[in-house]
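S.K.: Got a predicted model here, sequence first, then my questions.
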Amino acid sequence: MLKKNLIPIIIFLALILISALYFFSNHNGTLSEKEASFACSDLSEVTDISIKNGNSVFVLNRKNNNWYFNSKYIVKPSLMSLCYRIFSQVEIKSAVSKKASPMIVEKIAKYGTEISLLKENKILKHYFIWADTQHQNIYMMMVDKEVPFIVTLPSFQGNFAALFRNDPKFWRDLTILHYTPAQIATVKVEQTGNENQSFKLDISSRGKTILTDLKFGKAHTFKTEAVEAYLFCFRNIKAENYIEKSDETIKKLKRTLPLFKVSVMDHEGNNISLEIFPKESETSSSKRSESNSDVNFCYVLINEKELAVAKYIETDPITRDLKFFLQ
């Protein structure tokens, strides 16, 4: 009896073994890598990231240690950190069934975001990502393959596919100034109507500092700890937002005098100037008066061409009086 059943058992086991070999050779071999190798092992090679939604295309490009939106605005570091996580840590959760695959492929191609990771002009990764919000699944598919996968990002809850939107306001870093004390070569602060308190700080690359009042050009003895504390304030000055289509507002502001003008130059010769103007309160009347100025927010005109709104608690630390430094 045992001998009779042995042959069918051997044939059955052989079929299982052949099926297993076929499965793993197709899903874990070279073909599988081409279809499902979404994670990039070395992001240091990536110089550009092209992101396309329908007819909308934008590029994140790297210059030195910063990432830029369309070569214009520095990207928020927190968003780039999330991008790095997606590009390097995304994992396949499951394959899509053969029955559902054609429908998913069609939706990914129609509604998905096309992402290209490039090293200069060489494509390193090229795939679609799409979130099915109804079923709470995120799909990825290589552009040249019609094999979709449900993916996941370890330790992340939420729709990470929604990150890739073409919106400069969303991506743009709100930092106006970001200098370490060692980077700063010159700071000049001019006060309208209070010229006696306007000053200039010159700091050599070796740390030698000269404090000069702007009205008389006289050098002053100063408190070292005051200068050190002041220079530290330039590390992280942020805007609340940047104002688009601000030409008319800028023209209007230029017909008035700023409260302060702060000019900074680093040891590499890069300059930035900030002009700080009062901002009318949104609840005030249209008639201009000191009483209807916003007590919390101000305008900051950057290099005479770009306008931001910032809190006074952001700008106050860099608009000190000369007496702040004096012995």
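M.R.: Looks like it arrived, so ask away.
S.K.: Can you give me the neighbour number for the nearest residue to Glu306 once chain neighbours are set aside?
M.R.: Here the nearest residue to Glu306 in space, its sequence neighbours aside, is Tyr242; by C-beta to C-beta, 6 or more residues apart in numbering that works out to 6.8 Å. C-beta coordinates here come from the backbone N, C-alpha and C atoms, glycine included. Number of residues near Tyr242 (other C-beta atoms under 10 Å) recorded here: 18.
S.K.: what residues are up against Tyr242?
M.R.: With contact set as C-beta atoms under 8 Å, 6 or more residues apart in numbering, Tyr242 has these partners: 169, 172, 174, 306-308.
S.K.: so how far is Cys298 from it?
M.R.: The gap separating Tyr242 from Cys298 is 14 Å, by C-beta to C-beta, to the nearest Å.
S.K.: can you list the domains in this protein?
M.R.: Under automatic domain parsing, the residue ranges defining each domain of the chain are 38-171, 175-324.
S.K.: can you redo those domains as CSV with mean pLDDT?
M.R.: As requested, the domains of the chain are exported to CSV (pLDDT from 0 to 100):
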stretch, mean pLDDT
domain 38-171, 94
domain 175-324, 92
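S.K.: could you pull out the helices for the chain?
M.R.: With DSSP state H as the criterion, the chain has helices at 2-27, 30-36, 77-89, 101-111, 168-171, 224-232, 247-254, 312-315.
S.K.: Could you report the distance from Ala100 to Ile176?
M.R.: Applying C-beta to C-beta, the value for Ala100 to Ile176 is 49 Å.
S.K.: The two: which has the busier surroundings?
M.R.: Counted by other C-beta under 10 Å, Ala100 and Ile176 do not tie: Ile176 has more neighbours, with 21 against 10.
S.K.: now the strands for the stretch 201-327 of the chain?
M.R.: 209-213, 219-220, 237-238, 241-242, 260-266, 271-280, 293-302, 306-311 (DSSP state E, counting those that start in this stretch).
S.K.: out of these, which comes closest to Val189?
M.R.: Ranking those by their distance to Val189 (criterion: C-beta to C-beta) puts strand 260-266 first, at 5.3 Å.
S.K.: how about the nearest residue to Ala219 once chain neighbours are set aside, what does it touch?
M.R.: Spatial nearest neighbour of Ala219, chain neighbours left out: Thr212 (5.3 Å); criterion: C-beta to C-beta, 6+ apart. Shown in contact with Thr212 (C-beta under 8 Å, 6+ apart): 199-202, 218-220.
S.K.: got TSV for the contacts of Tyr242, with distance to Ser44 and neighbour count too?
M.R.: Below are the contacts of Tyr242 laid out as TSV (distance: C-beta to C-beta, whole Å; neighbours: other C-beta atoms under 10 Å):
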residue	distance to Ser44	neighbour count
Lys169	29	11
Arg172	24	19
Leu174	26	16
Glu306	31	15
Leu307	36	21
Ala308	32	19
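S.K.: Was I right to think Asp226 contacts Leu322?
M.R.: That one is not Asp; residue 226 is Ala. No: the pair Ala226 / Leu322 is not scored as a contact, 10.8 Å apart, by C-beta atoms under 8 Å.
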